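[1] what follows is a protein structure lacking sequence information:
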């Protein structure tokens, strides 16, 4: 396709190529073009806030080179200027980090006006310009990149962390929409080191602004016999490490993040014990769920995990009737996958303790077996016996309890 304008590969694809890690999508910037020129070349417009087009053959995004300036609060408080006079360097300057402010031409030559390659070598996440502090969403983005690249040794540059702290103290984070915040939080939780995301947010004061219910866990002690790390916040970080190690899906990682919020509500006079934290944490979990507008699946699992995670840890001690109630709460008969996510979150919780990362967790398999025993109760048998309506439901519960009881008796019987 012959054109009079220039296109450059930008952003993550350039960064990850230079790092030698996989990249999944490519973004392009167009210099020296008008929207009409792109339309004439067959590009399809998709941008609402600023000119973005889809390539007629590849479907990849091409954005006109643009500058921006602060005009209001939050992520959307910017005005954009895009015309053929905007240079590539000007477009790159508006980006967040130097490692994201590089471009590559069609011959593979890297254009790096702000030292991105040097920061890649130094393993630094550094802002491009003071304009970084104009966009509060960048606090979350930098913390997310820290979570992604921590295994490669990356850290946030001190001067960038200072700007993030300024943003946190300015109140600008309160202007972020729940949708934008959730997008960053959910992506960060799925990175290789979600614990680093939380640690960076806390280091710059943003955690107290965005997730105060999580922030207050730091400094709250727990019994050392069960928690060698003692600090509830540090335990939370270890749990998130285990969740990533186990490759748990997002709902389970969200549940891991919120499972111990009740410990942040325990009066100091009761420390380090936290009796009843499972119930006392439910209001805090609901508040975080609603404020972040988490998807329904994440909300439900977080609430259930908060309330019942200690049931899972004590599974081998629970009475059959208690197991039956647990299975009913999770609706294991229609929602088996939700119970499986719960077991994963509880296993991450059990292993998220200093020195106990490799511990066995037989409770998970024990509960899987008990759940299968409950599911083995078939309504067909009762229908053949003539049960109907409420009587059918009551008999079904009895039959399930019988199957669970038989399973427990068999599993708990001493070996001969």
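    Looks like it came in fine. Small disclaimer: the values here were computed from a predicted structure and weren't measured.
[2] so where do the helices sit in the stretch 101-250 of the chain?
    For the stretch 101-250 of the chain, the helices defined by DSSP state H, counting those that start in this stretch occupy 116-122, 137-149, 158-170, 178-189, 194-203, 206-210, 212-215, 232-245, 250-258.
[3] need the mean per-residue confidence for the shortest one.
    The pLDDT scores in helix 212-215 average 98.
[4] report the buried residues of that helix.
    Buried residues in helix 212-215, counting neighbours by 16 or more other C-beta atoms under 10 Å, are found at 213, 214, 215. Glycine gets a C-beta too; all of them are placed from N, C-alpha and C.
[5] stretch 219-233 now?
    Of all the residues in stretch 219-233, those buried under the rule 16+ other C-beta under 10 Å are 220, 221, 222, 227, 229, 231, 232, 233.
[6] can you lay out the residues you listed as a markdown table showing distance to residue 282?
    Output for the buried residues of stretch 219-233, formatted as a markdown table (distance: C-beta to C-beta, whole Å):
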| residue | distance to residue 282 |
| --- | --- |
| 220 | 18 |
| 221 | 22 |
| 222 | 19 |
| 227 | 21 |
| 229 | 24 |
| 231 | 23 |
| 232 | 17 |
| 233 | 20 |
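[7] right, and residue 251 touches residue 342 too?
    No: using C-beta atoms under 8 Å, residue 251 makes no contact with residue 342, being 9.4 Å away.
[8] identify the contacts common to these two.
    When C-beta atoms under 8 Å, 6 or more residues apart in numbering defines a contact, the residues bordering residue 251 and residue 342 alike are residue 301.
[9] tally of neighbours for residue 292?
    By other C-beta atoms under 10 Å, the residues close to residue 292 number 20.
[10] correction: residue 58
    Residue 58: 10 surrounding residues under other C-beta under 10 Å.
[11] can you start the count at 17 instead of 1 from here on
    Noted, 17 is the first residue going forward, which turns the last one into residue 74.
[12] tell me where the stretch 17-166 of the chain has strands.
    Applying DSSP state E, counting those that start in this stretch to the stretch 17-166 of the chain gives strands spanning 22-26, 43-47, 60-61, 68-70, 77-80, 82-86, 94-98, 119-120, 126-127, 140-141.
[13] now the ones you listed in TSV, with mean neighbour count and mean pLDDT?
    Formatted as TSV, those follow (neighbours: other C-beta atoms under 10 Å; pLDDT from 0 to 100):
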stretch	mean neighbour count	mean pLDDT
strand 22-26	20	94
strand 43-47	20	92
strand 60-61	12	89
strand 68-70	20	90
strand 77-80	21	90
strand 82-86	15	70
strand 94-98	16	62
strand 119-120	20	96
strand 126-127	16	97
strand 140-141	22	98
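[14] among the helices of the stretch 117-266 of the chain, which comes closest to residue 351?
    helix 266-274 (11.7 Å; C-beta to C-beta).
[15] how far off helix 194-205 does that closest one point, in degrees?
    Computed by axes from the mean of the first three to the mean of the last three C-alpha atoms, to 10 degrees, the angle separating helix 266-274 from helix 194-205 equals 90 degrees.
[16] and among the helices of the stretch 117-266 of the chain, the most buried is which?
    Most buried of those by mean neighbour count (mean count of other C-beta atoms under 10 Å) is helix 266-274; its value is a mean of 27.
[17] centre of the chain to that one, how far?
    Here helix 266-274 is found 8 Å from its chain centre; the criterion is C-alpha atoms, centre = their mean, to the nearest Å.
[18] other SSEs contacting that helix?
    Counting contacts by 3 or more C-beta pairs under 8 Å, 6 or more residues apart in numbering; DSSP states H and E, helix 266-274 is packed against helix 194-205, helix 210-219, helix 228-231, helix 248-261, helix 298-308, helix 312-329, helix 352-367.
[19] mind putting those helices into TSV with distance to residue 291?
    Compiled in TSV, the helices and strands packed on helix 266-274 are given as follows (distance: least, C-beta to C-beta, whole Å):
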stretch	distance to residue 291
helix 194-205	29
helix 210-219	26
helix 228-231	19
helix 248-261	14
helix 298-308	15
helix 312-329	10
helix 352-367	17
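[20] elements contacting the longest helix along the chain?
    Assignment by DSSP state H gives helix 405-428 as the longest helix of the chain. Counting contacts by 3+ C-beta pairs under 8 Å, 6+ apart, helix 405-428 packs against helix 336-346, helix 378-391, helix 395-400.
[21] figure out which of those helices is closest to residue 329.
    Proximity to residue 329 (C-beta to C-beta) singles out helix 378-391 among those, at 6.3 Å.
[22] okay, now the domains of this protein?
    Here the domain parsing of the chain from automatic domain parsing is 17-138, 391-428.
[23] out of the strands of the stretch 17-166 of the chain, which gets nearest to residue 304?
    For the strands of the stretch 17-166 of the chain, the distance to residue 304 is smallest for strand 140-141, at 26.3 Å, taking C-beta to C-beta.
[24] who does the closest one pair up with?
    strand 171-172 (parallel) (DSSP bridges).
[25] show me what the strand it pairs with is in contact with.
    Applying C-beta under 8 Å, 6+ apart, the contact partners of strand 171-172 are 139, 140, 141, 158, 159, 162, 180, 216, 219.
[26] mind telling me the two of those farthest from one another?
    The distance between the two most remote of these (C-beta to C-beta) is 17.8 Å, for 139 and 180.
[27] returning to what we had before: can I get the domains of the chain in CSV including distance to residue 260?
    Output for these, formatted as CSV (distance: least, C-beta to C-beta, whole Å):
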stretch, distance to residue 260
domain 17-138, 17
domain 391-428, 30
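[28] which of the ones you listed sits most buried?
    Highest mean neighbour count among the domains of the chain (mean count of other C-beta under 10 Å): domain 17-138, with a mean of 16.
[29] check the offset of it from the chain's centre.
    Distance, stretch centre to chain centre, for domain 17-138: 27 Å (C-alpha atoms, centre = their mean).
[30] kindly report the same for stretch 331-350.
    That offset, for stretch 331-350, works out to 28 Å (C-alpha atoms, centre = their mean).
[31] equivalent analysis for stretch 371-380, please.
    23 Å.
[32] buried residues of that stretch, list them for me.
    With burial defined by 16+ other C-beta under 10 Å, the residues of stretch 371-380 counted as buried are 377, 379, 380.
[33] rewinding a little: which of the helices and strands packed on helix 405-428 comes out lowest on mean pLDDT?
    Of all these, helix 395-400 has the smallest average pLDDT, which comes to a mean of 72.
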